[in-house]
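Engineer: Below are the sequence and a predicted model; questions follow.
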Amino acid sequence: MTENTSITALDVDGFAHKLLSASRPLFVMHRRPDGDTVGSTAALMHICRAMEKTPFGICADPIPERLSFLTEGLDIGSALPKPPYTAVAVDVATREQLGALTELPFRISFMLDHHEVGTPFADCLVLPKAAAAGEVVYAVAESLMKLGVLTAIPTEAKVALYAALSSDTGCFRYSNVTPTTLRCAAALLEEGDVDAADVNHRLFEMKSEKQLRAEAFAIEHTKTSPDGKIAWVLITDVDRRALGVEEEHLETVIDMVRSRAGVEVALAVREQPNGTLRASMRSSGFDVASVAARFGGGGHLRAAGCTVTADSPKAALDRVLGEIESRFDAEAEA
């Protein structure tokens, strides 16, 4: 994949005009897709259909089963459609987050994102104060309606946008929620098109046996610092295969680590089937984005992730944990 040599920062209206010019948009999600990238992509695809465009979606990894209700009837896969198309990255902070798609011969034309820490690789609309990419997509939809090219947000897009918002805010529990976030959610619910209880049940309460098995493993194997403020879990590929689960079932283990009383920083390091090592971090205020950036990753102040290079899973854990501990101690002393 080739990158743009010069990058332009777009505002909401500028992004809306670029989207209007794309008759066959290809929306590109980040690897290990979550509710925000999937919901935002699905919403954009439904919006484009309403504008009589032919949209496609692509992701390096399969859409998790629990999110499949958002993509029903949409043309989403892991292979490039036949050209011409205009590729648009959605909820992608860095080129590396595209995973195996970076090896394919196509060019990202522009991006839509909300991460505070990242490295744009195409003309981009980035709203770092937005709680989710879905909040940015909602602003784009409003711009399209203002331009008169979109009469209303389609019902399917409303459901997808609400799911994106709820997913990235932990059902509106996280500190990234702002009055704007809540106004977006309220507007999506206003006409009764979205069953919020059903969406939230699917996202947070309806778990497969495999996901519950993975969460139980995380609870049992979580370790903490002597003061209980830092907690972590390591899951190797051997552990994953012994549990009989797939990578998608491990996405919520970080929430189990974070849920312990007194924990201020949570870390989950997971060995991927291909041998790479993925670290996910959450905090109640400590800047985990700076830790992720140290290893070439990114994210938000309180939620971030990165891929770590190390000789073993334990070595990867020690590297990230050491970075967290040194920065955490420095903050405490400041």
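Structural biologist: Received it, and whenever you're ready, just let me know what you need.

Engineer: CA atoms for contacts and neighbours, from now on please.
Structural biologist: OK.

Engineer: Just list what the longest helix seen in the chain packs against, helices and strands only.
Structural biologist: Determined from DSSP state H, the single longest helix within the chain is helix 313-333. Applying 3 or more CA pairs under 8 Å, 6 or more residues apart in numbering; DSSP states H and E, we find helix 313-333 packed against strand 230-235, strand 265-271, strand 277-283, helix 288-294.

Engineer: Which parts of that helix count as buried, going by neighbours?
Structural biologist: For helix 313-333, the buried set under the neighbour-count rule, 16 or more other CA atoms under 10 Å, comprises Pro313, Ala316, Leu317, Val320, Leu321, Glu323, Ile324, Arg327, Phe328.

Engineer: Now the terminal residues of stretch 178-197, how far apart.
Structural biologist: Between the opening and closing residues of stretch 178-197 we find a distance of 21 Å, counting by CA to CA, to the nearest Å.

Engineer: Helices of this structure, start to end?
Structural biologist: Under the criterion DSSP H, the chain contains helices at 12-20, 35-50, 133-147, 155-168, 179-189, 196-200, 209-221, 237-243, 253-258, 288-294, 313-333.

Engineer: Can you list the low-confidence ranges for the protein?
Structural biologist: Within the chain, the ranges that satisfy pLDDT under 70 run 1-5, 334.

Engineer: before we move on, the earlier item: ok now the longest helix of the chain, how far from the chain's centre?
Structural biologist: Taking the mean C-alpha point of helix 313-333 and that of its whole chain, the gap between them comes to 24 Å (CA atoms, centre = their mean, to the nearest Å).

Engineer: same check, this time on stretch 299-318
Structural biologist: Offset of stretch 299-318 from its chain centre (CA atoms, centre = their mean): 16 Å.

Engineer: who's in contact with Gly134?
Structural biologist: Remark: with contacts taken as CA atoms under 8 Å, 6 or more residues apart in numbering, Gly134 is in contact with Asp36, Thr37, Gly39, Ser40, Leu161, Tyr162, Ala164, Leu165.

Engineer: can you tell me which residues contact the fifth one?
Structural biologist: Spelled out, it's Leu161. Under the criterion of CA under 8 Å, 6+ apart, the contact list for Leu161 reads Gly39, Ser40, Ala43, Gly134, Glu135, Val137, Tyr138, Leu188.

Engineer: Which one (most neighbours) among those residues?
Structural biologist: In terms of neighbour count, Gly134 stands highest of these at 37 neighbours, by other CA atoms under 10 Å.

Engineer: And stretch 168-180, end to end?
Structural biologist: Across stretch 168-180, the straight-line distance between its terminal residues is 14 Å, by CA to CA.

Engineer: Can you tell me what sits against that stretch?
Structural biologist: Outside of stretch 168-180, the residues that reach it under the criterion CA under 8 Å, 6+ apart are Gly35, Asp36, Lys129, Ala130, Ala131, Ala132, Leu165, Ser166, Asn200, Phe204.

Engineer: okay but the first one is in contact with Ala163, surely?
Structural biologist: What it means is Gly35. Yes. Proximity of Gly35 to Ala163 meets the contact threshold set by CA atoms under 8 Å, at 6.5 Å.

Engineer: which of the two has more neighbours?
Structural biologist: Neighbour totals were compared for Gly35 and Ala163, and Ala163 leads with 29 against 26 (other CA under 10 Å).

Engineer: Contact partners for that one?
Structural biologist: With contact set as CA under 8 Å, 6+ apart, Ala163 has these partners: Gly35, Asp36, Gly39, Val199, Asn200, Leu203.

Engineer: ok, so of the residues you listed, who is nearest Thr102?
Structural biologist: Asp36 (20.6 Å; CA to CA).

Engineer: State the distance from the residue found closest to that closest one once you drop the neighbours it is linked to in the chain to Asp34.
Structural biologist: Computed as CA to CA, 6 or more residues apart in numbering, the closest residue to Asp36 that is not its neighbour in sequence is Ala164, at 4.0 Å. Applying CA to CA, the value for Ala164 to Asp34 is 9 Å.
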